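# fold the following.
(chains A and B)
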2 protein chains.
Amino acid sequence: MTRVVPVAGGITAPAGFRATGVHCGIKAKGLDLAVIVPDAPAAAAAVFTVNRAQAAPVQVSRDHLQRTGGRTAAVVVNSGCANACTGEDGVRVAREIAAHAARHAGCRPDEVFVASTGVIGVALDGGRVAAGLDAAFATLDAPGGQDLAAQAIMTTDPFPKAHAARVETAGGACTIGGMAKGSGMIEPRMATMLAFLTTDARIAPALLQRALREAVDVTFNAITVDGECSTNDCALVLAGGASGVTIEAPAYAAFVEGLRTVCERLALDIVRGGEGATKLVTVRVTGAATADEARTAARAIANSLLCKTAIHGADPNWGRFIAVAGRAGVAFALDRATMAVGPTVLFSHGRPHDERAPEAAARLREKEIEVTVDLGAGGAGEATVWTCDLSADYVRINADYRT
Amino acid sequence: MTRVVPVAGGITAPAGFRATGVHCGIKAKGLDLAVIVPDAPAAAAAVFTVNRAQAAPVQVSRDHLQRTGGRTAAVVVNSGCANACTGEDGVRVAREIAAHAARHAGCRPDEVFVASTGVIGVALDGGRVAAGLDAAFATLDAPGGQDLAAQAIMTTDPFPKAHAARVETAGGACTIGGMAKGSGMIEPRMATMLAFLTTDARIAPALLQRALREAVDVTFNAITVDGECSTNDCALVLAGGASGVTIEAPAYAAFVEGLRTVCERLALDIVRGGEGATKLVTVRVTGAATADEARTAARAIANSLLCKTAIHGADPNWGRFIAVAGRAGVAFALDRATMAVGPTVLFSHGRPHDERAPEAAARLREKEIEVTVDLGAGGAGEATVWTCDLSADYVRINADYRT
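Numbering: from 1, shown residues only, chains lettered A, B, ... in the order given. Sure thing, here's the model as predicted:
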């Protein structure tokens, strides 16, 4: 019998990790530098942004994981500056930061994972980060470090994001923890999503990479605030092994389920904290020819300005959802399609049910909403994507004149 | 020597067409029914929405053009009701309207082209349209009919859209006229873009179709207000031949250029009248591997909420444009990429030029803006897409509670 139980805490909920956050002066005030240090070099796996304008820390960390074959002894994350679009200088600074952290951690520079979030196109001050690392490594044993770390990676996120879960397997229990920062891009030009996961399970890097990919595909890769993809996005998982539980084929599914649970909670927090967001929206697409087509249609709906504004205004405007499904470029049969808000069906088999509009409007005024569109294509393809509504605040936040 | 000269007027600027608009009661007030009648059945070509939720008039008119091999004797357009998502009944009503118009025009029902725009999912009242047709055909000879027609196809467009151009060829001059309605989707669930073009040139339907496709690809298909594609979109061109000018290979290029000129002016009017729009934005992408990749990147920028809000706020935020180019899924080289507002280069060859931000901000405060992104991919691929900014008014307009 395996099961997954949510537990309190974040990246140090699993045994064998220390973390903290400090202020090093990249931001004018507030914590801006986090470190995560496993007791011994940990198995590591990561997924990175597919944006071709990759930030310097993405280039450096990808290279480091390749060189070590998936082993990390320290993680350094700064906020306030993305170190993106900074050319050769940016790469040099990222490497210097890794070298400095390696001296503290007693490891090789390529065993350090670096990540940055914040303003694009501004040089990162390596001296300030180095001084901050000195302070951080000196205070790693102080209590509350995981909370400081979760705060230190925020840019203008409205709240810190940390979750953990215990995975119970036949061979014993292990724990998975995580923290993330999201899409509170209130300060323009923020380079956005970062997620850091830890576990005290023992698992080979290649299997850890596969588990991370599986979990990320249906969680972080299934959310959208505004359809943008940043230059700095990455998700990293470290497996230390302190629980003594080894993840191989028998317990693999339970481990992925645990990883998925933590990732999903972090991902939904990112949507809840989306710019101008007032509602969390689950978009479910069914009846697609394939799961890929279902996801394509779900993404089209989740990114549609007309659907997002209708939800913001609690307008049970099924025509917009059907029209977007029709233009999504996937198999779609209007005379068999269905649109529902929660259990309230507004359109089915080519016929409107506008008499149910008041009931649907009441559901749309809630804080968490599920919208289902069946494409009527006769297949078993299904997908879920999470998004938020689009408010006038989103525009105000992003149109603010910066210079 | 051939040349294209913009001239006054709209769909009756070419010789051999009559048109008018009347109020038939689909809308509570205002004109809501337009007819266009060539003096004799005209060569016809059309392009339709690729949305799979195709409105009834789209299904019927596509079928009619196929049956006649591209010949139309009357065009009937109503606003206020899209006759979309209305099932079998909607198709029956569209056919009845065509039959009624055919009796007035003395033609076959399949020589009638029908189009609708307005609310989705509401039944179209065929009786009101029939009564309106009786009135319209009785007043076809009254002056000012083309203006009434351009008004009658509006839903909540802020202004009517009509343009014309004279094409001078070695074989004589012909004229092309047009009217369009656009994306003033202030009333939710509007099914949107319609364009009607007329010419007194003589041209075979197959060549007319090719010319229309060429002109539409770089005009109507190169604009975006909010990335949506409606259930009712169509563009129709009728060629009556009254000018005596025959368009064959020698004059074809000039004819396409004339058609492109009229279509571009109508298309830009649609963007200017976009929901909540305060600025017309020309997005030019250069240095792409192919023209297709250039267009993909230009569309991604034109639909990016972060780029559109930056323009709205006159924020010279080059990082957003570079980040969107990087995620557009096309060849992109950060260290050779360039971003400029008008002639003001803000980022080139991997380096920011933030000292020019105030100059760029001043340009962004103008009503018409050109943004250029060079992808640095080393190819000759270029594309232009037009869009508008995204304002808080867009959200207010579309979040208005409907029921």
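# only C-alpha atoms from now on, for both contacts and neighbour counts.
Noted.
# mind listing what A:Thr20 touches?
Applying CA atoms under 8 Å, 6 or more residues apart in numbering or on different chains, we find A:Thr20 in contact with A:34-36, A:136, A:139-140, A:144-149.
# could those residues go into TSV alongside pLDDT?
Below are the contacts of A:Thr20 laid out as TSV (pLDDT from 0 to 100):
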residue	pLDDT
A:Ala34	97
A:Val35	98
A:Ile36	97
A:Ala136	98
A:Thr139	96
A:Leu140	96
A:Gly144	94
A:Gly145	96
A:Gln146	96
A:Asp147	97
A:Leu148	97
A:Ala149	97
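# among those residues, the buried ones, what's the ChimeraX command?
Buried residues among these (16 or more other CA atoms under 10 Å in any protein chain shown), as a ChimeraX selection:
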select /A:34,35,36,136,140,145,146,147,148,149
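# now the contacts of A:Thr20 in TSV, with secondary structure and distance to B:Asp315?
Formatted as TSV, these follow (DSSP: H, G, I helix; E, B strand; the rest coil; distance: CA to CA, whole Å):
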residue	secondary structure	distance to B:Asp315
A:Ala34	strand	31
A:Val35	strand	34
A:Ile36	strand	36
A:Ala136	helix	36
A:Thr139	coil	41
A:Leu140	coil	41
A:Gly144	coil	39
A:Gly145	helix	38
A:Gln146	helix	36
A:Asp147	helix	34
A:Leu148	helix	33
A:Ala149	helix	32
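# looking at the contacts of A:Thr20, which is nearest chain B?
Distance to chain B, by CA to the nearest CA, is smallest for A:Ala34 among the contacts of A:Thr20, at 24.8 Å.
# any idea how far A:Cys81 is from the closest one?
A:Ala34 is 13 Å from A:Cys81, where distance means CA to CA, to the nearest Å.
# what pLDDT is listed against the spatially most distant residue from the centre of chain A?
In chain A, counting by CA atoms, centre = their mean, A:Glu355 sits farthest out from the average C-alpha position, at 39.1 Å. A:Glu355 is assigned a pLDDT of 94 by the prediction.
# any idea of the mean pLDDT in the helix ranked longest in chain A?
Counting by DSSP state H, the longest helix found in chain A is helix A:249-272. Averaged across helix A:249-272, pLDDT comes to 92.
# please apply the same query to stretch A:46-55.
Stretch A:46-55 shows a mean pLDDT of 88.
# start to end distance for that stretch?
Taking CA to CA, the first and last residues of stretch A:46-55 lie 15 Å apart.
# check what contacts it and list those residues.
The contact list for stretch A:46-55, computed with CA under 8 Å, 6+ apart, reads A:58, A:62, A:82-86, A:209, A:212-213, A:229-237, B:322-323, B:326-329, B:332-334.
# list only those of the residues you listed flagged as buried.
The neighbour count (16+ other CA under 10 Å) marks A:58, A:62, A:82-86, A:209, A:212-213, A:229-237, B:322-323, B:326-328, B:332-334 as buried among the contacts of stretch A:46-55.
# mind listing what's buried along the helix or strand where A:Val371 lies?
According to DSSP states H and E, A:Val371 maps onto strand A:368-374. Along strand A:368-374, these residues count as buried under the neighbour rule (16+ other CA under 10 Å): A:369-374.
# element containing A:Ala165, please.
For A:Ala165, the host element (DSSP H and E) is strand A:161-169.
# now A:Ser61
Element membership for A:Ser61 (DSSP H and E) is helix A:56-68.
# for the following helix or strand past that helix, packing partners?
Once helix A:56-68 ends, the next helix or strand along the chain (criterion: DSSP H and E) is strand A:71-72. Where contact means 3 or more CA pairs under 8 Å, 6 or more residues apart in numbering or on different chains; DSSP states H and E, strand A:71-72 is packed against strand A:42-48.
# strand partners (parallel or antiparallel) of the strand it packs on?
Strand A:42-48 sits in its sheet next to strand A:71-72 (antiparallel), strand A:234-239 (antiparallel), going by DSSP bridges.
# out of the buried residues of strand A:368-374, what pair is the most spread apart?
Among those, the pair separated by the greatest distance (CA to CA) is A:Ile369 and A:Asp374, at 16.6 Å.
# next, the contact list for the residue farthest from the centre of chain A, please.
For A:Glu355, the contact set (CA under 8 Å, 6+ apart) is empty.
# on that earlier part again, if we go by neighbour counts, what in the longest helix of chain A is buried?
Applying 16+ other CA under 10 Å to helix A:249-272 flags A:251-252, A:254-272 as buried.
# how far does stretch A:94-113 sit from the chain's center?
In terms of CA atoms, centre = their mean, to the nearest Å, the centre of stretch A:94-113 is found 25 Å from the chain centre.
# what's that stretch in contact with?
Defining contact as CA under 8 Å, 6+ apart, one finds that stretch A:94-113 is touched by A:37, A:41, A:56-57, A:60-61, A:64-65, A:67-68, A:71-76, A:114, A:126, A:129-130, A:133-134, A:137.
# one step back: how about the next helix or strand after the strand holding A:Ala165: buried residues?
Counting by DSSP H and E, the element after strand A:161-169 in chain order, helix or strand, is strand A:172-181. By 16+ other CA under 10 Å, the buried positions in strand A:172-181 come out as A:173-181.
# dump the strands paired with strand A:42-48 into CSV; add mean pLDDT as well.
Converted to CSV, these look like this (pLDDT from 0 to 100):
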stretch, mean pLDDT
strand A:71-72, 96
strand A:234-239, 93
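# and these as JSON lines, adding distance to B:Gly21?
Below are those laid out as JSON lines (distance: least, CA to CA, whole Å):
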{"stretch": "strand A:71-72", "distance to B:Gly21": "73"}
{"stretch": "strand A:234-239", "distance to B:Gly21": "58"}
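# in the stretch 201-350 of chain A, which spans are helices?
In the stretch 201-350 of chain A, helices defined by DSSP state H, counting those that start in this stretch lie at A:205-217, A:249-272, A:291-303, A:305-312, A:318-327, listed in chain order.
# residues contacting A:Arg336?
A:348-350, A:375-377.
# can you give me the distance of it to B:Ala53?
11 Å.
# just the CA coordinates for the strand holding A:Val371, please, in PDB.
Provided in PDB are the C-alpha atoms of strand A:368-374 (Å, rounded to 0.1, in the frame of the first residue of the first chain):
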ATOM      1  CA  GLU A 368     -12.400  28.700  -7.500                       C
ATOM      2  CA  ILE A 369     -14.100  27.800 -10.800                       C
ATOM      3  CA  GLU A 370     -14.100  24.700 -13.000                       C
ATOM      4  CA  VAL A 371     -15.000  25.100 -16.700                       C
ATOM      5  CA  THR A 372     -15.400  22.000 -18.800                       C
ATOM      6  CA  VAL A 373     -15.600  21.900 -22.600                       C
ATOM      7  CA  ASP A 374     -16.200  18.600 -24.400                       C
END
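# do it and chain B meet?
No - contact of strand A:368-374 with chain B (CA under 8 Å from any CA of the partner chain) is absent, the minimum separation being 13.2 Å.
# surely A:Asp134 forms part of a strand?
No - counting by DSSP: H, G, I helix; E, B strand; the rest coil, one finds A:Asp134 to be helix, located in no strand.
# chain B contacts on the stretch 51-200 of chain A?
Counting by CA under 8 Å from any CA, the stretch 51-200 of chain A sits next to chain B at A:51-53, A:85-87, A:120-121, A:188-189.
# looking at these, which is nearest A:Ala201?
A:Asn51 (31.3 Å).
# quick check: domain ranges of chain A?
Domains of chain A are assigned by automatic domain parsing as A:3-272, A:280-399.
# tabulate those (JSON lines), appending distance to B:Asp292.
Converted to JSON lines, the domains of chain A look like this (distance: least, CA to CA, whole Å):
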{"stretch": "domain A:3-272", "distance to B:Asp292": "18"}
{"stretch": "domain A:280-399", "distance to B:Asp292": "18"}
